[in-house]
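# Model the following, please.
(chains A and B)
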Amino acid sequence: AQSVTQPDIHITVSEGASLELRCNYSYGATPYLFWYVQSPGQGLQLLLKYFSGDTLVQGIKGFEAEFKRSQSSFNLRKPSVHWSDAAEYFCAGDSGGGADGLTFGKGTHLIIQP
Amino acid sequence: NAGVTQTPKFQVLKTGQSMTLQCAQDMNHNSMYWYRQDPGMGLRLIYYSASEGTTDKGEVPNGYNVSRLNKREFSLRLESAAPSQTSVYFCASSDPDGRVMNTEAFFGQGTRLTVV
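Here you go, the predicted structure:
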């Protein structure tokens, strides 16, 4: 069965430090992959997406993610975090552009220390 | 442009009561979805509608029914609410048509439901 795993439930980083959030996927073929961010009490906002081609994907708010087929990973990175980046981050996969919904990881809660 | 609109934003129900969560999108999307979000569980798909006139079960459909009223609207009904259905519910829409750029899902702001 297809799945998306986020190994870290909580991550704490200092403001200005770099960030990497991990995501691993298990699909029969290369899935479409997404990162969403959810601020407290809000809906989900798309940060970036990968479908094919260039394995380094740029998103909004200074985020990027790298698709690594050999590691079945799609990790999210940011070189310098801001206090406003504190939120819940979700990695999600889609088996191939169909209409049967996304499979989400369980989320990583990002805490920013001053 | 409102995107995906859900009503209500908050609701408290007593066990056994029924209610309908409403969702509407103004992006002319073909596909619509209902997810529930529980702490430590991420988002899990309840039901989806690939196109107007069709609905299908997702990962956790038990205790729910849906109606795709028209292309814009997709409602979720709890016939007899249970405490286990206390959750945050999200509606989403997308427009998958085989073109990869259209698989992005747009989400509503959520409905926080408590069943006591």
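
# show me what contacts whichever residue of chain A sits closest to chain B?
Per Cβ to the nearest Cβ, residue A:99 is where chain A lies closest to chain B, at 3.6 Å. From N, CA and C alone the C-beta is placed, and that goes for glycine too. Contacts for residue A:99 (Cβ atoms under 8 Å, 6 or more residues apart in numbering or on different chains) come out as B:30-31, B:48, B:50-51, B:94, B:96.

# hmm, try it at 10 Å
Going by Cβ atoms under 10 Å, 6 or more residues apart in numbering or on different chains, residue A:99 touches B:29-33, B:48-51, B:54, B:56, B:94-97, B:103.

# Of the residues you listed - the most surrounded one?
Counting neighbours by other Cβ atoms under 10 Å in any protein chain shown, the top entry in the contacts of residue A:99 is residue B:32, with 30 neighbours.

# Could you find the closest non-adjacent residue to it?
Closest residue to residue B:32 apart from its sequence neighbours, by Cβ to Cβ, 6 or more residues apart in numbering or on different chains: residue B:74 at 3.9 Å.

# mind listing what the helix or strand containing that neighbour pairs with, with the direction of each?
With elements taken from DSSP states H and E, the one containing residue B:74 is strand B:74-78. Applying DSSP bridges, strand B:74-78 is found paired with strand B:19-25 (antiparallel), strand B:65-68 (antiparallel).

# Name the next helix or strand following the first one along the chain.
Using DSSP H and E, the helix or strand that follows strand B:19-25 towards the C-terminus is strand B:31-38.

# circling back to that earlier point, double-check that the residue of chain A closest to chain B belongs to a helix.
No. Counting by DSSP: H, G, I helix; E, B strand; the rest coil, residue A:99 is located in no helix; its state is coil.

# With that, I have no additional questions.
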